[in-house]
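>>> give me the fold of what follows.
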Amino acid sequence: MAGKVKRLKITQVKSGIGYAQRTKDTLRALGIHRMHQTVLKPDNSAIRGMITRVRHLVVVEAEEA
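I've put the predicted structure just below:
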């Protein structure tokens, strides 16, 4: 099917404690509120940019909807 939308499965694996407030705010903007929480987000440039900011705290997997 050509109309499949890709999504990203984002899981926090490391705590944001001790990092800059900007980093913590980025986690919140992604919808992550606690450790080992997983969220599904659309695969777009805005989300990819946020993931880049917190790449040391999260694990990302691609998923087809």
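>>> strands of the chain, start to end?
Assigned by DSSP state E, the strands in the chain fall at 6-12, 38-42, 58-64.
>>> got the ones you listed as CSV, with distance to residue 48 columns?
C-beta: built from backbone N, CA, C; applies to glycine. Formatted as CSV, the strands of the chain follow (distance: least, Cβ to Cβ, whole Å):
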stretch, distance to residue 48
strand 6-12, 8
strand 38-42, 10
strand 58-64, 9
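>>> highest average neighbour count across the ones you listed?
Highest mean neighbour count of these: strand 6-12, a mean of 17 (counted as mean count of other Cβ atoms under 10 Å).
>>> quick revisit: can you add distance to residue 24 and mean pLDDT and give the strands of the chain back as TSV?
Shown next, in TSV, are these (distance: least, Cβ to Cβ, whole Å; pLDDT from 0 to 100):
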stretch	distance to residue 24	mean pLDDT
strand 6-12	11	96
strand 38-42	16	97
strand 58-64	13	92
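>>> alright, I will stop here.
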